[in-house]
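Engineer: here is my input, please return the structure:
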Amino acid sequence: MDPAQFLQGRSRETDIRRDARGRWFNGDDQIDHPNLTRSFDSWVDRAEDGRFCLSNAINWAYVEIDGPAYFVKDIEARADGIGLLLSGDLRELLEPTSLRQGPEGALWCAVREGRCPARFDNHAVSKMSQWISEDEEGIYVLVAEKKVRPPEIDDPLSLGHGKR
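Structural biologist: Okay, here's the model as predicted:
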């Protein structure tokens, strides 16, 4: 069978969504199977049109995401910078220039090669406190011996939006 014929008439639209607290739903039904929700958490990405999707090695489909695409759950000091543990058990190296302060003082960064916004949870910010300081120019984060000054932005959810 020709793969194009197989996909003909099918849609990448779904009723799958994640709320700002990180809970997954299919329509009004909450999805609570731990392996499925962990997989969904690790598959969040942006489609080429900028919309959020779930994407794995086999396929992808559009989803709605309220709040950040990822949550930074933990951090670790590494020789090459700061390692991030993201929701979905993904690990990435922090891109220091992507650090931002949200309107409520929350710390954000871009992940997935800059495509998705991630919000640091309280535990991760607490662990970051050893690298966060302030001088006459304002707040900075010390990353690999360099001062990074996260700008304040009004819409941290727009972080990472754009072409690959």
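
Engineer: at which residues are the helices of this protein located?
Structural biologist: 3-7, 34-43, 122-128 (DSSP state H).

Engineer: now the second one: average pLDDT?
Structural biologist: Mean pLDDT, taken over the full extent of helix 34-43, equals 95.

Engineer: elements contacting that helix?
Structural biologist: Under the contact criterion of 3 or more Cβ pairs under 8 Å, 6 or more residues apart in numbering; DSSP states H and E, helix 34-43 touches strand 24-26, strand 52-55. C-betas here are computed from N, CA, C, even on glycine.

Engineer: figure out how far it is from the centre of its chain.
Structural biologist: 13 Å (Cα atoms, centre = their mean, to the nearest Å).

Engineer: quick check: the residue positioned nearest the centre of the chain vs residue 157, distance?
Structural biologist: The centroid of the chain falls nearest to residue 70 when counting by Cα atoms, centre = their mean (2.8 Å). Distance, residue 70 to residue 157, by Cβ to Cβ, to the nearest Å: 12 Å.

Engineer: and for residue 149?
Structural biologist: When distance is defined by Cβ to Cβ, residue 149 is 21 Å away from residue 157.

Engineer: between those two, who's got more neighbours?
Structural biologist: Shown here are residue 149 and residue 157; by other Cβ atoms under 10 Å, residue 157 has more neighbours (17 against 12).

Engineer: what's near enough to touch the closest residue to the more buried one other than its chain neighbours?
Structural biologist: The shortest distance from residue 157 to any residue other than its chain neighbours is 5.5 Å, reached at residue 117 (Cβ to Cβ, 6 or more residues apart in numbering). Applying Cβ atoms under 8 Å, 6 or more residues apart in numbering, we find residue 117 in contact with 68-70, 108-111, 156-160.

Engineer: and residue 117, what's its pLDDT?
Structural biologist: Predicted confidence (pLDDT) for residue 117: 95.

Engineer: who's in contact with the nearest residue to residue 149 once chain neighbours are set aside?
Structural biologist: Nearest residue to residue 149, sequence neighbours excluded (Cβ to Cβ, 6+ apart): residue 140, at 4.9 Å. Listed by Cβ under 8 Å, 6+ apart, the contact set of residue 140 reads 132-134, 147-150.
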